[in-house]
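Enquirer: sequence below, structure please.
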Amino acid sequence: MMRRTAWVRRARFIATSVLVGLIVAFLTYELSVEPGAAIVKAVFEAKPEVTPPDDFSAVEAAVSSTEPIAITATNAPPASITISRPTETGEALLPVVLWIHGGGFISSSADTVADYTSILASHGYVVANLDYSLAPGSQHPVPVLQADAALGFLAKHATEYGGDPDKIVLGGDSAGAQIASEVAALETNRQVAASLQTTPALHSTATGMAGPLRGVVLFCGLYNMQTVADTGFPALRTYLWAYTGHREWTTAPGIENLSTTSTATTDYPPTFLSVGDADPFRSQAAELASALVQKEVAVTTLFWDGTGDGLGHEYQFDFSLPQAHTALDATLDFLTSATTGNS
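Expert: Numbering: from 1, shown residues only. Modelled structure (predicted):
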């Protein structure tokens, strides 16, 4: 009987401790985004971002990459870019792509998408892979300002790496797609630039437009802060709380700048949008496409419309899927069109 009583007491102690721990964790999360962000980040980084194709060794042999290059941004911490380019090129300068990785604003890095940027580079592009500061340590608009500074660096120094500074395309996936879409709005909308208290790096005093910015490639992103909560995307509250610095992120100062559906103007660059048919953000891509069409911006989409066999978030990075190869081909077609003036 004494042993049974001791076991019951121990079980009660363990159960009470677990309950108290859960309550403390819950209360802590209600006061701070740090615990939730740490958990989500760990889950996010537990699996590789890109599943490369079977012939990836040929890609690696055809591409060379720099060490990280420091980028100085006004009103933001330093960032860096890693530049990949074909090892064998002719005399002609190659179009430039600035890629912005995803990760819910709180995780991942340029390294996590390096295989994908190498694939793009192997097809004849100088690809700059941005390492921006992550939330909650750095919050909006820090990554936007860092990406803008990276554009400025490329406009000045692309030729040193075989790139054409007059043919620049922005690209991004997931949270990186949101950042890329906002940077494109910054480059082409004076009101966004004024709200962010910055001068766009590609600003043209003659036209007020981003002349060298030829296009934008956006995968699986979020573009309308008024409707994104309706998507039911997992851990969305944690991501946007961390990124905006406000638990009630829908009313955070400057939140309107994250809604490219509203900030895009008729000067917005030609855009390629893709998302899986089973991705919660599919409606976000459709909303942005509709908004851009209304502004008479050239838009190319690859949405699958229920024919993708349940393609989830970031499907375009999983090259074990035939649809990822289709998305790559469509992306390359868009890049060719955008950088040759045929978009």
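Enquirer: against which helices or strands is the helix or strand encompassing residue 57 packed?
Expert: Taking DSSP states H and E as the criterion, residue 57 maps to helix 56-62. Contacts defined by 3 or more CB pairs under 8 Å, 6 or more residues apart in numbering; DSSP states H and E place helix 56-62 against helix 114-122. Glycine gets a C-beta too; all of them are placed from N, C-alpha and C.
Enquirer: how far out from the middle of the chain is the helix it packs on?
Expert: 16 Å (CA atoms, centre = their mean, to the nearest Å).
Enquirer: same thing with stretch 79-99?
Expert: 19 Å.
Enquirer: enumerate the positions of the helix holding residue 57 that are buried.
Expert: Of all the residues in helix 56-62, those buried under the rule 16 or more other CB atoms under 10 Å are 56, 59, 62.
Enquirer: go on, stretch 254-269?
Expert: Going by neighbour count (16+ other CB under 10 Å), the buried part of stretch 254-269 is 255, 257, 258, 259, 260, 261, 262, 263, 264, 267, 268, 269.
Enquirer: the last one against residue 216, yeah?
Expert: Okay, so that is residue 269. Yes: using CB atoms under 8 Å, residue 269 is in contact with residue 216, at 5.2 Å.
Enquirer: got any residues that touch both of those two?
Expert: Jointly contacting residue 269 and residue 216 under the rule CB atoms under 8 Å, 6 or more residues apart in numbering are 170, 184.
Enquirer: out of the buried residues of stretch 254-269, who's nearest residue 32?
Expert: residue 255 (19.9 Å; CB to CB).
Enquirer: wait, isn't the closest one in contact with residue 225?
Expert: Yes: counting by CB under 8 Å, residue 225 is a contact partner of residue 255 at 5.3 Å.
Enquirer: apart from its neighbours in sequence, what residue is nearest residue 232?
Expert: residue 280 (5.6 Å; CB to CB, 6 or more residues apart in numbering).
Enquirer: what distance do you get for the one you found to residue 312?
Expert: Separation of residue 280 from residue 312 (CB to CB, to the nearest Å) stands at 9 Å.
Enquirer: these two - which one has more neighbours?
Expert: residue 280 (19 against 14; other CB atoms under 10 Å).
Enquirer: confidence score at the more buried one?
Expert: Looking at residue 280, its pLDDT reads 97.
Enquirer: hey, where'd the strands end up in the stretch 151-300 of the chain?
Expert: Applying DSSP state E, counting those that start in this stretch to the stretch 151-300 of the chain gives strands spanning 163-173, 213-219, 271-274, 299-302.
Enquirer: from the buried residues of stretch 254-269, which is closest to residue 164?
Expert: Of all the buried residues of stretch 254-269, residue 269 has the smallest distance to residue 164: 15.7 Å, by CB to CB.
Enquirer: cool, thanks, signing off.
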